[in-house]
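In: structural data only, the sequence is not supplied:
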């Protein structure tokens, strides 16, 4: 039996090495699964409403950790923007917006750190109010952005820049910080 010890040692070493490599690859990807979260940030208007306002958002999605270092996912979001002030036809006016977004997300993971890009469509509504003016706007337009994340257990902190690209009310730039919990 002494001759059988060498193959057993090699097999055990091979299995241990394979497990270590697999564990390393699993740690390189982001959290896989369903996630829910919220964020706060700043909204910057364009054109007639070149102003800033606060925003808040709710997000939910699913991250597929199929490949090492590559995260792919899908996300739904609700974004509520505060009141932007501006001038329309020489009169003071305000604009409040909200949107429902459906996005694809792709990112690179470096252990607990990661960067990602997102793109999709937003169904938005806006209320424009001012002296002698009351207009409602709506549309479906592209939304895209970039972000960075850091994970600690099942919680992920995210910093994001997003742009809602509309022709009717101008572009809306959003910067936000949020927390996401992965189940």
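Out: Structure's in. What do you need? Predicted model only: the values in this text are computed from it and were never measured. Numbering: from 1, shown residues only.

In: what segments of the protein are strands?
Out: Applying DSSP state E to the chain gives strands spanning 33-44, 52-67, 70-88, 91-110, 113-130, 133-152, 155-164, 172-182.

In: contacts only, for residue 167.
Out: For residue 167, the contacting residues are residue 141, by CB atoms under 8 Å, 6 or more residues apart in numbering. Any C-beta I mention is one placed from the backbone N, CA and C, and that applies to glycine too.

In: how about it, phi and psi?
Out: Summarising the backbone geometry of residue 167 under the convention degrees, to the nearest 10, its torsions are phi -90, psi -30.

In: please report how far it lies from residue 124.
Out: Residue 167 sits at a distance of 12 Å from residue 124 (criterion: CB to CB, to the nearest Å).

In: quick one: common contacting residues for these two?
Out: The overlap between the contact sets of residue 167 and residue 124 (CB under 8 Å, 6+ apart) consists of residue 141.

In: related to what we said a few turns ago, I'd like the strands of the chain written out as a markdown table, with mean pLDDT added.
Out: Written out in a markdown table, the entries for the strands of the chain read as follows (pLDDT from 0 to 100):
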| stretch | mean pLDDT |
| --- | --- |
| strand 33-44 | 96 |
| strand 52-67 | 92 |
| strand 70-88 | 93 |
| strand 91-110 | 94 |
| strand 113-130 | 95 |
| strand 133-152 | 94 |
| strand 155-164 | 97 |
| strand 172-182 | 96 |
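
In: first to last residue in stretch 106-118, what's the distance?
Out: Criterion CA to CA, to the nearest Å; first-to-last residue distance in stretch 106-118 is 6 Å.

In: hang on, the earlier thing: adding mean neighbour count, write the strands of the chain out as a markdown table.
Out: Listed next are these as a markdown table, based on neighbours: other CB atoms under 10 Å:
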| stretch | mean neighbour count |
| --- | --- |
| strand 33-44 | 17 |
| strand 52-67 | 17 |
| strand 70-88 | 18 |
| strand 91-110 | 18 |
| strand 113-130 | 17 |
| strand 133-152 | 15 |
| strand 155-164 | 18 |
| strand 172-182 | 19 |
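
In: and stretch 53-69, how far from the chain's centre?
Out: Averaged C-alpha coordinates place stretch 53-69 at 4 Å from its chain's average position (CA atoms, centre = their mean, to the nearest Å).

In: err, stretch 171-183, not the other one
Out: On CA atoms, centre = their mean, the centre of stretch 171-183 falls 6 Å from the chain's centre.

In: residues in contact with that stretch: which ones?
Out: Taking CB under 8 Å, 6+ apart as the criterion, the residues outside stretch 171-183 that touch it are 31-46, 55, 57, 59, 63, 79, 81, 97, 145, 149, 154-166.

In: how about the contacts made by residue 64?
Out: 32, 71, 72, 73.

In: so what sits opposite the second one in the bridge?
Out: Translated: residue 71. residue 107 (DSSP bridges).
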